[in-house]
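K.L.:
3D model of this:
(chains A and B)
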Amino acid sequence: MQETILEARHIVKEFHDPVTVQVLTDITFKVNKGEFVSVIGKSGCGKSTLLYILSTMDTDYKGELLIDQELMTGRSDVELARIRNEKIGFVFQFHYLLNEFSVIRNVMLPGLKLGKYSEQEVEHRALEKLKMLGIEHLASQKAYRISGGEKQRVAIARAMINDPHIVMGDEPTGNLDTKNSEHVFDIFKELAEVHNQTLLIVTHDQSFAERSGRIIEMEDGRIIRH
Amino acid sequence: MNTKLIFGIARSMMMARLGQTLVAAVGVSFSIAMFITLLSFMNGLNDLLDGLIVNRTPHIRLYNEIKPSENQPINTASAFKDSYNFISSVKSGISRQEIYNSGPILQAVQSDPRVLGATPKLTAQVFFNEGTIDITGVINGVDVEEEMRLFKFRDYVTAGSAIDAKNVANSIILGKGLAEILAADIGDVVQVTTVQGERFPLKVVGYFQSGIQEIDKVQSYASIVTTQKLIGKPANYMTDIQVKLHDLEIAPAVAQEYSTKFAIDAEDIQTANSQFETGSNVRSIISYAVGITLLIVAGFGIFNILNMMIYEKMDSIAILKATGFSGRDVNMVFLVIALSIGFFGGMVGLLFGFIFSVIIDNIPFVTAALPTIKTYPVNYSPVFYFIGGFFSLITTYFAGFFPARKASKVDPVEIIRGK
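P.N.:
Down below sits the predicted model:
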C-alpha cells in the first residue's frame, strides 16, 4: 500500500460576496507519494480555489484536509504557516520572487525560516537545488534581473528547498513560452521520476496534463475524473 | 530562532527603499535633535534663573521673629476662660533679634545627616558716610568660607577677592551699586556709622553683584567677626542660621521639625520663593509639549511611509506567507523596520541634539545683570537623552504598529489570485 500524502474529504467551498455561490462541491480524493498529478478544468471551475484550500492558505471551507495523514482543518495561522514551510512547496503562475533579494537568498528564505539547518548548510542546499535545475550561475544575481523562464526555475528551487512532501503549482507554465514551458515540464517530470517527488499541478495546458502521471478533471466545482 | 532572518528581511526591504527610509529616519532625527536642544536650553535657562535665587537662598532659615506673643496673659487667666477677649494695640514684648543658645543649635544642625552645611549670619543696619551724606545700607556678617562653599559667594564677587573679607581685618565687600554711589574703589576705606551711633572705618576688598540692582545698591558683606565688632556684640551673637540641605525637597518638613525642636522661627525655601518653582514648571511643560509634538509629527511620517511600503510589498508579503511565514513573522518584519528607523534616527537625533546644545552653549551671552554668565546656559542632563531615545522608540513603535498589523493580515490568496 502506498503512502498517502494528501487527502481531501468532502471539501465544500462557498463564496458569500455578494451572493452565496458554491464553488466546490464535495471534493474527495487522495494523492499518494511520488505521484505527478495534474488538475485540469475550464476557467472558473474552481481548480485554483481548490489548490489554495489544499495548500492551507485558504481556511474558510467545510470538510477535512489531511496532509501527511495529519488533519489540517481548524489549525491556527502559526501552525499552518509552519506546515506550509516544512511540507509544501509552492510554484505560482507569476514567478513571485522577492525582488529585494538575490536569487540564492530567495531560494534560501523558506529554509532559513524552517531553521532545521544552519545558514551555511541552507546555502549549500540551495546551491545544489539550483545546480539540479541548471541555473547555479544565476545564484548571486538580483531576482529582478533574470528572465521569466529562469525565474520560474528559481521558484521551483525555492519550493524544493525544505524537501517538501508535496509541491503544488498554480499554472506554473501559464506565463511562459513553449520552450520554457517544456523546460519546466521536464523539470517536474524529472522531480517525480528521479527524486520521487509528489507533485500537484493546476493547469489548463492539456498537453502538459496528459504527459503527467495522473489527471484530475474538474467541472463546475466537482471532480468528474480522477 | 527566527530573529536573524526577520532582521535580514527587514533590512533588505529597507535597503530596497533606501530613499524613503532615510526620509523617515531624518524626520525622527530632526525631531529628537530639536527635542534635546529645546529641553537642554530651556532647562539651562531655568537653572540659571532658579540659581539666581536658589543659590543665594538658604534652604531653611532659622531666625527669631519680633512679633507679639500669641498667648496674651488674659487668655490664660481662668476668670476669662469662657469669654471672648478683645485686645487692642498689642505690642511685641521684650524680645531680641538674636538667636538664643545659638552655639548649640548651630552644632546640632551641622551634625544632622540631612544637612549639607549650616552657617551663621548677622545682619546689621548701618549708614555709609559719603562726605556729608549718609546712605542706608545693610552689612551681612557671614562666615566667608562657608558662604563660599554653600552659597557660591565667590561667583558673585565680581572684583577683588571674596576670601579677603576674612583674611583682611576690618574689611568689607560692597554691592556694585553701592560702591558706585560711594565712589569707592578696591583698597579704599569707607566710613560706616552703626545704628548705635559708632563710626567705623572699613576697607573695601571687593565688589559684589547679585544680578538684582536693588539689592546691589544696599547690600554689602563682611566677615561675621567684623560685623559683631561693628555693632559691639559678643562672638556668639547671630541673627540667622542658614541651613543648606542635601535634598531641597525635604526643606518644609525639616523646617517644621527645627521650629518645634529649637523653639525658633524657621522658614523654608519653598514658602519663601514659591513663584520660582511655578515658573520653572511651566517652562518645562511647554518645552516637553513642543518636543513631543515634533516626535508625533515624525511618527505620522513613519506611519505613511510604512503604509506605502506595505502596499508596494503586497506581493512580497503574500509570497512570504505562502512559503511559510506566519502573520506574526510578517508583523515582526514591519515592526523591526519601524523600530530600526526609530532607533537609528533617534541615535543620530541624540547626537545632533548634543551638537546643537554645544553650539548654543558657546554663543556669547553677556549681560550686566548676570555677572557669572558668559554664554547661553545649557543643561546637559542625561535624563533628556533617555526621554528622547525612549520616545523615539515609542512613537515609531506606534507608527509601525498599525501598518504592521495590516501587513500581517494580508491574505496571500487574494494577492496571488488577483494577478
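K.L.:
In chain B, what residue lies closest to chain A?
P.N.:
Proximity of chain B to chain A (Cβ to the nearest Cβ) peaks at B:Gly324, 2.3 Å away. C-beta: built from backbone N, CA, C; applies to glycine.
K.L.:
for B:Asp315, what are its contacts?
P.N.:
Contacts for B:Asp315 were tallied using Cβ atoms under 8 Å, 6 or more residues apart in numbering or on different chains; they are A:Tyr96, B:Ile415.
K.L.:
Could you list the buried residues of the one helix or strand it maps to?
P.N.:
If you go by DSSP states H and E, B:Asp315 is part of helix B:314-322. For helix B:314-322, a neighbour-count test (16 or more other Cβ atoms under 10 Å in any protein chain shown) marks B:Asp315, B:Ser316, B:Ile317, B:Ala318, B:Ile319, B:Leu320, B:Lys321, B:Ala322 as buried.
K.L.:
And stretch A:176-195, by the same measure?
P.N.:
Of the residues in stretch A:176-195, those buried by neighbour count under the rule 16+ other Cβ under 10 Å are A:Leu176, A:Asn180, A:Ser181, A:His183, A:Val184, A:Phe185, A:Ile187, A:Phe188, A:Leu191, A:Ala192.
K.L.:
May I have that stretch exported as PDB, CA atoms only?
P.N.:
Included here for stretch A:176-195 are C-alpha records, laid out as PDB according to Å, rounded to 0.1, in the frame of the first residue of the first chain:
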ATOM      1  CA  LEU A 176       5.900  31.000 -20.200                       C
ATOM      2  CA  ASP A 177       6.600  30.500 -23.900                       C
ATOM      3  CA  THR A 178       6.600  27.000 -25.300                       C
ATOM      4  CA  LYS A 179      10.300  26.400 -24.900                       C
ATOM      5  CA  ASN A 180      10.400  27.400 -21.300                       C
ATOM      6  CA  SER A 181       7.100  25.600 -20.600                       C
ATOM      7  CA  GLU A 182       8.700  22.500 -22.000                       C
ATOM      8  CA  HIS A 183      11.700  23.000 -19.800                       C
ATOM      9  CA  VAL A 184       9.700  23.500 -16.700                       C
ATOM     10  CA  PHE A 185       7.600  20.400 -17.500                       C
ATOM     11  CA  ASP A 186      10.800  18.400 -17.900                       C
ATOM     12  CA  ILE A 187      12.000  19.500 -14.500                       C
ATOM     13  CA  PHE A 188       8.700  18.400 -12.900                       C
ATOM     14  CA  LYS A 189       8.900  15.100 -14.700                       C
ATOM     15  CA  GLU A 190      12.400  14.600 -13.500                       C
ATOM     16  CA  LEU A 191      11.500  15.500 -10.000                       C
ATOM     17  CA  ALA A 192       8.700  13.000 -10.000                       C
ATOM     18  CA  GLU A 193      10.500  10.200 -11.700                       C
ATOM     19  CA  VAL A 194      14.100  10.600 -10.400                       C
ATOM     20  CA  HIS A 195      13.500  12.100  -7.000                       C
END
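K.L.:
packing partners for the longest helix along chain A?
P.N.:
If you go by DSSP state H, chain A has its longest helix at helix A:178-194. Helices and strands in packing contact with helix A:178-194 are listed as strand A:36-41, helix A:148-160, strand A:198-202, helix A:206-211; criterion 3 or more Cβ pairs under 8 Å, 6 or more residues apart in numbering or on different chains; DSSP states H and E.
K.L.:
Looking at B:Thr372 now. What's its pLDDT?
P.N.:
Confidence at B:Thr372, expressed as pLDDT, is 69.
K.L.:
same question, A:Ala8
P.N.:
Per-residue pLDDT puts A:Ala8 at 79.
K.L.:
quick check, distance from the helix or strand where it lies to the centre of its chain.
P.N.:
Secondary structure assigned from DSSP H and E places A:Ala8 in strand A:4-15. Distance of strand A:4-15 from its chain centroid, counting by Cα atoms, centre = their mean, to the nearest Å, is 16 Å.
K.L.:
how far off strand A:36-41 does it point, in degrees?
P.N.:
Compare the direction of strand A:4-15 with that of strand A:36-41 by axes from the mean of the first three to the mean of the last three Cα atoms, to 10 degrees and you get 20 degrees.
K.L.:
sorry, back to before: would TSV of the buried residues of stretch A:176-195 with pLDDT be doable?
P.N.:
TSV is the format used below for the buried residues of stretch A:176-195 (pLDDT from 0 to 100):
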residue	pLDDT
A:Leu176	75
A:Asn180	78
A:Ser181	80
A:His183	80
A:Val184	80
A:Phe185	82
A:Ile187	82
A:Phe188	81
A:Leu191	80
A:Ala192	79
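K.L.:
For chain B, give me the ranges with low pLDDT.
P.N.:
By pLDDT under 70, the low-scoring segments of chain B are B:1, B:94-95, B:276, B:368-372, B:416-419.
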